[in-house]
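K.L.:
one predicted model, sequence on top.
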Amino acid sequence: LIIDEIHLLGEERGAVLEAIVSRTRFISQYMQQQQQQAEADPTRIVGLSTALANPEDLADWIGIDIKSFAKRGLYNFRPSLRPVACTIHVQEYAGRHYCPRMAAMNKPCFAAIKEHAPEKPVIIFVASRRQTRLTAFDLISFAAHDDEDERAFLGTSNTEYMESVAETLSDEALAHTITFGIGLHHAGLSSHDRETVERLFLNGDIQVLVATATLAWGVNLPARLVIVKGTEYFDAKSSRYVDYPVTDILQMIGRAGRPQFDTEAVAVVLVAEGKKVFYKKFLYEPFPVESCLHERMCENMNAEIAIGTVKSVPDAAGYLTWTYFARRVKVNPSFYGATTDNTDDFLVQTAVEALVRLAERECIEPFDKQDLSSDIVPTTLGKAACTYYLQYRTPHQMLLGLRRLRKDLTERLSNTKDNNNNDNNNNHGTFRMSSFVLAPPQVEEAAVALLFHVLSGTHEFDELPVRHNEEYLNDELSAKLPWGPDTSCFDSSDSTKTTDRYHSDLDLMSQPSTKCFLLLQAYLTHTPLPISDYVNDTKSVVDQVPRLMAAMQYILGEDSTTAGNFDVACIQTRARQLLEKRTMIQNDPFAHVITSNDIKKKLKNANIRNVFDLSLRQGDVKNWIKGKALTQTMNYLKKLPKISIDESTHATRINPQQGCLKFDLTWKQGPKGGCSLDLILGTPRLGFLLHRTPVFLSQTEGEKAIEMTFDWKMAFPSTSSSSNKMLELRCIWESYIGYDFQLQIPVMEDYYDSVELKKSQA
């Protein structure tokens, strides 16, 4: 196991690294004991880092023998020892407020370039995308004023070539600065723009690259001079400016003087007034690495409980002895708040505190913290947090959100007169396939909006950045979106959206959860975003939603004993459907197929409610649609997957507690790349969720045997016979809108009852 940048243990993400290495060593020794091997640890760990003040602690943690005189395997070099010598200058600047101080540093940046690298490549690290633009614009102005040549940083005389390159760039600011020899580099740029800037800088066509700190950990670009313009960044979690970890500053400085590109290097670090002494000390001397496992103790402890490593308080304390955290507690107890000289007691106390917090969030079963031998048992919420990599508080939020959604949806459905499930009572004992519509569009929209609002409010989005003055942008964006900053627009007795949705509230607009909810709406409605930063924020949000929805589905499946979850499960799949197609729930089910209002009126008169109804009556389509529209509609219908299920399909009881639904699902064709179909089995009257399974249909025709077991007594709590009992199987596509269908499944006299009857007669 080779770990680069192992000094990152001291940062927030270091808790994951610490957990991986600790578990690896624990498993390795356990296997060694099981095999009764006496030789050395079979797992080799190689750690690479910057110079450290406490290398022995780190070496002992990864299994290096530090007790012997030679300490073989531990090599710690002084910071000044590097392939290319680097001269570091630290300068401080006054200024109470962040933005004016950053503006005051632009002139010194220009002066540093002229002094240390007038004709050599330069990288300037700044804290935000906005600062990349502001810094570049000021450098252009200083060059035009001092050198009387605003293109002083251009490394090529072929200005026409640079103009042609600028025309290919999608970012307007970059297209402007690149013609003056200054490039921008941040996560908000498209991949083409980033690759173009990197190529121009590497070839020497541009001299200066203004980048955010992410570049320090990514691309290996040459630079004679590195300027760190400010050592602070805005932390969305705490809503204030905080200092970069020293490791990040060292990583930025390390970009100067790359061995394969240069023979000397210079770094200029511009800091706020009062911080110069601190940075001069730790930039020239090794620094100690502390553990940050205690900041994510609950998540790591929950993972060990969920996989069965920890089953009691002594197990939890024993697990901690393998961590880097335990070693640093012995050396620096005050840093971790240890109030006892006995390290073992502190580890037990730490473990108990973590377990108590997990129990409060229902990640584990309640336990007696006074009884150290009591069993620690994981719950569904704890397993969800472990499986889907969630914060330990998130599953409980999801559970409460699901209960709120279930209550709201049940009330809206009960108030809806046009509920398509009301006709199920007239089909006792008969298999039937029909189109599936859970509720009128207004009710489904309200439920989907609430689902997305619940997801946006989880702790997973706590660190979504709400930058300076973005609350005003959020307020403007909210006015353009259908739901606004929350779901209050649906809070009316008639299940429709109110006209006066909300009053502008800047405190609400400054919340990460509000911004997340707005970005999801903008994504679904294709609403233009106010600035380029929001594009990358949207990608970050949308990338996380499928994982969070899968976790919510897992939690709902384990909470299936509650009435109403059948409908909630359908809303979950509907939400995934909308994300997949990037659309909103439409009042018009034919919006993406037919444009003519006259044709839609004819279909409505013929009781054709959606695309599925239309597909069942393809032979009659020519009676309602003519000409070019007929050709387009028929071509669309031909591309839809054709599903077939035997009409003799029925559910049976296989033992006193369980029932089973078996059938063969066949299809004639699927779309290119295949598609997914969510099968949701439940009771139509009480709304119990009995079973849920996704099915992937390949592009070519095929057949799959489906078997869905369920709790018989929950489905049919009465002791009456199976006659006239019905189940409902809802089939919802993730890639098609308006093509969902449902099956009325009869429950026949079953094998179990027949066997028991024969036994009693004998």
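P.N.:
Nice, I can see it. The model shown is predicted, which means the values in this text are computed figures rather than measured ones. Numbering: from 1, shown residues only.

K.L.:
contacting residues for residue 338?
P.N.:
Neighbouring residues of residue 338 by Cβ atoms under 8 Å, 6 or more residues apart in numbering: 329, 346. For every residue, glycine as well, the C-beta is placed using N, CA and C.

K.L.:
check residue 376 too.
P.N.:
Counted by Cβ under 8 Å, 6+ apart, residue 376 has contacts 305, 310-313, 315-316, 355, 364-365, 367.

K.L.:
which of those has the most neighbours?
P.N.:
residue 305 (27 neighbours; other Cβ atoms under 10 Å).

K.L.:
is it true that it touches residue 382?
P.N.:
Yes - counting by Cβ atoms under 8 Å, residue 382 is a contact partner of residue 305 at 6.3 Å.

K.L.:
any shared contact partners between those two?
P.N.:
With Cβ under 8 Å, 6+ apart as the test, residue 305 and residue 382 both reach 358, 363-364.

K.L.:
closest one of the residues you listed to residue 412?
P.N.:
residue 363 (31.4 Å; Cβ to Cβ).

K.L.:
surely that closest one meets residue 380?
P.N.:
No - under the criterion of Cβ under 8 Å, residue 363 makes no contact with residue 380, lying 9.2 Å away.

K.L.:
any residues in contact with both of these two?
P.N.:
residue 395.

K.L.:
which residues of the stretch 651-762 of the chain fall in helices?
P.N.:
Using DSSP state H, counting those that start in this stretch, the helices assigned to the stretch 651-762 of the chain run over residues 712-715, 751-761.

K.L.:
hey, least reliable of these by pLDDT?
P.N.:
The stretch with the lowest mean pLDDT among the helices of the stretch 651-762 of the chain is helix 751-761, at a mean of 51.

K.L.:
now, which of the contacts of residue 376 lie within strands?
P.N.:
The strands, defined by DSSP state E, take in nothing from the contacts of residue 376.

K.L.:
can you put these in TSV and add distance to residue 538?
P.N.:
Below are the contacts of residue 376 laid out as TSV (distance: Cβ to Cβ, whole Å):
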residue	distance to residue 538
305	35
310	38
311	42
312	45
313	44
315	43
316	40
355	38
364	36
365	39
367	42
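
K.L.:
show me what the closest residue to residue 215 other than its chain neighbours is bridged to.
P.N.:
Distances taken as Cβ to Cβ, 6 or more residues apart in numbering place residue 185 nearest to residue 215, at 5.4 Å, with adjacent residues excluded. For residue 185, the beta-bridge partners are residue 211 (DSSP bridges).

K.L.:
ok, now which ones touch residue 185?
P.N.:
Residues counted as contacts of residue 185 (Cβ under 8 Å, 6+ apart) are 132, 194, 197-198, 209-212, 215.

K.L.:
related to what we said a few turns ago, residue 363 and residue 380: who's more crowded?
P.N.:
residue 363 (29 against 17).

K.L.:
and the spatially most central residue of the chain, what helix or strand is that in?
P.N.:
Central residue of the chain (Cα atoms, centre = their mean): residue 544, 2.3 Å from the mean position. Using DSSP states H and E, the element containing residue 544 is helix 533-558.

K.L.:
list the buried residues in the following helix or strand past that helix.
P.N.:
Downstream of helix 533-558, the first helix or strand assigned by DSSP H and E is helix 565-581. Buried positions in helix 565-581, judged by neighbour count with 16 or more other Cβ atoms under 10 Å: 565-580.

K.L.:
off-centre distance for helix 565-581?
P.N.:
18 Å (Cα atoms, centre = their mean, to the nearest Å).

K.L.:
now the angle from it to helix 533-558?
P.N.:
With axes from the mean of the first three to the mean of the last three Cα atoms, to 10 degrees defining the directions, helix 565-581 sits at 150 degrees from helix 533-558.

K.L.:
just checking the distance from the helix or strand following helix 565-581 to the centre of its chain.
P.N.:
Proceeding N to C from helix 565-581, the next assigned helix or strand is helix 597-605, under DSSP H and E. Here helix 597-605 is found 42 Å from its chain centre; the criterion is Cα atoms, centre = their mean.

K.L.:
who are the packing partners of helix 597-605?
P.N.:
helix 621-624 (3 or more Cβ pairs under 8 Å, 6 or more residues apart in numbering; DSSP states H and E).

K.L.:
let me see the residues that make contact with the helix it packs on.
P.N.:
Residues contacting helix 621-624 (Cβ under 8 Å, 6+ apart): 599, 602-603, 606, 608, 614, 630, 633-634, 637.

K.L.:
okay, angle between the following helix or strand past it and helix 597-605 too, please.
P.N.:
Following helix 621-624 in sequence order, the next helix or strand is helix 627-638 (DSSP H and E). Here the directions of helix 627-638 and helix 597-605 differ by 50 degrees (the same axes, to 10 degrees).

K.L.:
any buried residues in helix 627-638, and which?
P.N.:
629, 633, 637.

K.L.:
who's in contact with that helix?
P.N.:
With Cβ under 8 Å, 6+ apart as the criterion, helix 627-638 contacts 593-596, 599, 611, 614-615, 618, 621-622, 625.

K.L.:
what about residue 334, neighbour count?
P.N.:
When neighbours are counted by other Cβ under 10 Å, residue 334 comes out with 8.

K.L.:
let me fix that, I meant to ask about residue 214.
P.N.:
12.

K.L.:
ok, and the closest non-adjacent residue to it?
P.N.:
Per Cβ to Cβ, 6+ apart, closest to residue 214 is residue 187, 5.9 Å.

K.L.:
wouldn't the one you found be in contact with residue 535 here?
P.N.:
No - applying Cβ under 8 Å as the test, residue 187 and residue 535 come out as separate, 9.9 Å apart.

K.L.:
please name the bridge partners of residue 705.
P.N.:
Beta-bridge pairing of residue 705 under DSSP bridges involves residue 664.

K.L.:
picking up where we left off before, could you redo the buried residues of helix 627-638 as CSV and give each row distance to residue 95 and pLDDT?
P.N.:
Listed next are the buried residues of helix 627-638 as CSV, based on distance: Cβ to Cβ, whole Å; pLDDT from 0 to 100:
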residue, distance to residue 95, pLDDT
629, 66, 87
633, 66, 87
637, 67, 87
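
K.L.:
save those residues as JSON lines, and put in distance to residue 521 too.
P.N.:
Formatted as JSON lines, these follow (distance: Cβ to Cβ, whole Å):
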{"residue": "629", "distance to residue 521": "32"}
{"residue": "633", "distance to residue 521": "31"}
{"residue": "637", "distance to residue 521": "31"}
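
K.L.:
any regions of the stretch 51-200 of the chain where pLDDT drops low?
P.N.:
Along the stretch 51-200 of the chain, the model assigns pLDDT under 70 to residues 69-71, 79-80, 147-148.

K.L.:
what are the bridge partners for residue 696, then?
P.N.:
The partner residues for residue 696, given DSSP bridges, come to residue 676.

K.L.:
quick one, what contacts it?
P.N.:
674-677.

K.L.:
and residue 552, by the same measure?
P.N.:
By Cβ under 8 Å, 6+ apart, the residues touching residue 552 are 398, 401-402, 454-455, 572.

K.L.:
for those, which one is nearest residue 175?
P.N.:
Looking across the contacts of residue 552 and measuring by Cβ to Cβ, the closest to residue 175 is residue 455, at 36.3 Å.

K.L.:
residues near that closest one, how many?
P.N.:
There are 26 residues near residue 455, going by other Cβ under 10 Å.

K.L.:
got it, and residue 286?
P.N.:
Residue 286, neighbours per other Cβ under 10 Å, totals 17.

K.L.:
with residue 35 instead?
P.N.:
For residue 35, the count of nearby residues is 8 (other Cβ under 10 Å).

K.L.:
look up how far residue 29 lies from it.
P.N.:
Using Cβ to Cβ, to the nearest Å, one obtains 11 Å as the distance from residue 35 to residue 29.
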